[in-house]
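Novice: below are the sequence and a predicted model; questions follow.
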Amino acid sequence: MFDIFGYQFMQNALLAGLLASIACGIIGAYVVSKKIVFISGGIAHASFGGIGLGYFLGISPVLGATGFGLLSAIAMGLTTRRIKLPEDTVIGILWAAGMALGAIFIGLTPGYTTDLFSYLFGNILTVPDSELLLILILDVVILGVVALLYKEFLAVSFDEEYSTVIGMPTEKIYLTMLCLIALTIVVMIRVVGIILVIALLTIPASLARQFTHDMKKMMALSVLFSVIFTFTGLMLSYWLDLASGATIIITGVVIFTLVIAIRKLISSRGLPSKKM
Amino acid sequence: MVKEKEIVKFKNVWAYYNHHPALQDINFSIHENDFLGIIGPNGGGKTTLLKIMLCLLKPRRGTVTVLGKNPCESRSQIGYVPQKSYFDKNFPIDVWQVTLMGLYSQTGIFRRYSREDKKKAEEALERVSMLEYKNRQIGELSGGQQKRVFIARALASDPKLLLLDEPMESVDPKVQGELYELLKELQREMAIVLVSHDVTAISIYVDEIACLNQTLVYHGTKEISDEVLEGTYQCPIHLIAHGTVPHRVLKEHE
């Protein structure tokens, strides 16, 4: 039953899953706590423009998504703050604009675009060594920046107004955080794809929040949950012959729902007098 | 009597908000160990006034000095306690991490909090009697306790000026009294400015009162000393104050 681990593609898949979980567990803790799920979803979808551009220019679509993702992160961060329009309106517009650009670039690219589906929904079983290296480098960058700016990220997430008052370069810190989200999305492309990535940025972190109110512990737990979802989903998809990215997400959703339901049951039985 | 060191000075200050004057020709000074309450209706310019002192906004005309310098240069010596309602009660952060935040201006970007910083944060929590709650999530605490933690965060950097924005909002009268006791104690070491739209928030603990509605009317301490505890108060609006915390009454503006 476990002989599948002997295969190179499976080892690469597991390694990619582990590395991706580290990034999305840590960054997901910020996404959930700062309530920037929608803007993160926007960055993820907008980075599809970069995938199209990658095809069009004949370079790696993942590289294209990296550049485009960073650009759209900064564009979203600046426009949602500086333009006098509701934040969700701006996100919605940029979200669709990025995807539309991607579709145009792909249309302009001669020939058949292979792999397109796997960028959208992930295909963890086809991670080449070169991409593993890219994921590793991005992981190191993400971890390094979070270690350097830990107290700044915490302050800006908790209370931006106060952070500005005490002299933090709040906007730059926020933009840096959005850029890390963009890099995390690139890391996740192979695992779950840009359409499903938002689930792995939110479910593990939100589940972790159920067990702790400490940001560092939340990050650690969130990484652990993400690893569990990815590995379980990967195995299930292999044995049941299902799409890997989608199976990972559904695994996460099912475990999340069960944990929330069980906790609700325990708390309502254990403390019958406590109000809802 | 020798007047104490001047902490804040506004001289002919004008500020605009969306082309409307928010502050018109504001003149006042705050000295060491002053406890000033600024009251006025919403939109009367209280927030603008605070923002100018906190270096978030530059006045259109006039000069503002904080500790003899431009407000931006003395930022590290100003403690600020924001309005309670702005943060997410569910945010994963404990009392300890919130308090440490107050030391940012001294620690600086990229650096970790030093052992000295941690000692200061501990002392600040001790002063507001919240050290035992150090590891509690901030949203789990009562409104009054949260306020104490935010005061500790402001105290951590040893400020010379403490600014409080609507500190008594949604805090019950008993706790208000306790908070005033605390502020009274802190007043020995710093100047305190409290800003509120609610007249009942200004108790007898506050030494001086100014009414702000674009223009500032200063009520000296003497005027108030012989006043009764309850009654009407006329600033720009008509209000009646009740509550267990004794309140003072102001005469009409001339």
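Specialist: Received the coordinates, thanks.
Novice: distance of B:Arg153 from B:Phe110?
Specialist: Between B:Arg153 and B:Phe110 the computed distance is 21 Å (Cβ to Cβ, to the nearest Å). No exception for glycine: its C-beta is placed from N, CA and C like everyone else's.
Novice: more neighbours: those two, which one.
Specialist: Comparing B:Arg153 with B:Phe110 by other Cβ atoms under 10 Å in any protein chain shown, the one with more neighbours is B:Arg153, at 29 against 11.
Novice: quick check: that one touching B:Tyr104?
Specialist: No - in this structure B:Arg153 lies outside contact range of B:Tyr104 using Cβ atoms under 8 Å: 9.9 Å.
Novice: point out where chain A drops to low pLDDT.
Specialist: Residue ranges of chain A with pLDDT under 70: A:1-2, A:270-276.
Novice: name the single longest helix found in it.
Specialist: Across chain A, the longest stretch assigned as helix under DSSP state H is helix A:170-209.
Novice: mind listing what's buried in that one?
Specialist: Buried positions in helix A:170-209, judged by neighbour count with 16 or more other Cβ atoms under 10 Å in any protein chain shown: A:170, A:173-209.
Novice: how about it, does it reach chain B?
Specialist: Yes - Helix A:170-209 reaches chain B (Cβ under 8 Å from any Cβ of the partner chain) through A:Arg209.
Novice: next, the angle helix A:170-209 makes with the helix or strand following that helix.
Specialist: Note on helix A:170-209: by DSSP states H and E, the next helix or strand toward the C-terminus is helix A:215-240. Per axes from the mean of the first three to the mean of the last three Cα atoms, to 10 degrees, the angle that helix A:215-240 makes with helix A:170-209 is 60 degrees.
Novice: packing partners for helix A:215-240?
Specialist: helix A:8-33, helix A:170-209, helix A:244-270 (3 or more Cβ pairs under 8 Å, 6 or more residues apart in numbering or on different chains; DSSP states H and E).
Novice: now the shortest one and helix A:170-209, what's the angle there?
Specialist: It stands for helix A:8-33. 110 degrees.
Novice: go ahead and confirm B:Leu155 touches B:Glu126.
Specialist: No - B:Leu155 is beyond contact range of B:Glu126, at 10.1 Å (criterion: Cβ under 8 Å).
Novice: wait, B:Ser196 touches B:Met168, no?
Specialist: Yes - the pair B:Ser196 and B:Met168 qualifies as a contact (Cβ under 8 Å) at a distance of 6.6 Å.
Novice: more neighbours, these two?
Specialist: Neighbours per residue (other Cβ under 10 Å) separate B:Ser196 from B:Met168, with B:Met168 holding more: 25 against 21.
Novice: so that one: helix, strand or coil?
Specialist: Following DSSP: H, G, I helix; E, B strand; the rest coil, B:Met168 is assigned to coil.
Novice: separation between the residue of the stretch 51-200 of chain B found nearest chain A and A:Leu125?
Specialist: Across the stretch 51-200 of chain B, the shortest distance to chain A (Cβ to the nearest Cβ) belongs to B:Gln137, at 3.8 Å. B:Gln137 is 41 Å from A:Leu125, where distance means Cβ to Cβ.
Novice: pick out the residue in the stretch 151-276 of chain A sitting closest to chain B.
Specialist: Nearest to chain B in the stretch 151-276 of chain A, going by Cβ to the nearest Cβ, is A:His213, at a distance of 3.8 Å.
Novice: chain neighbours aside, what residue packs nearest to that residue?
Specialist: Distances taken as Cβ to Cβ, 6 or more residues apart in numbering or on different chains place B:Gln137 nearest to A:His213, at 3.8 Å, with adjacent residues excluded.
Novice: beta partners for the one you found?
Specialist: Under the criterion DSSP bridges, B:Gln137 forms beta bridges with B:Asp94.
Novice: likewise for B:Ile30?
Specialist: The residues that B:Ile30 bridges to, once DSSP bridges is applied, are B:Val8.
Novice: quick check: closest non-adjacent residue to A:Leu15.
Specialist: Per Cβ to Cβ, 6+ apart, closest to A:Leu15 is A:Leu132, 6.0 Å.
Novice: which elements pack onto the strand or helix carrying the one you found?
Specialist: Applying DSSP H and E as the criterion places A:Leu132 in helix A:129-148. Under the contact definition 3+ Cβ pairs under 8 Å, 6+ apart, helix A:129-148 sits against helix A:8-33, helix A:61-82, helix A:170-209.
Novice: 7 Å instead, please
Specialist: If contacts are counted by 3 or more Cβ pairs under 7 Å, 6 or more residues apart in numbering or on different chains; DSSP states H and E, helix A:129-148 sits against helix A:8-33, helix A:170-209.
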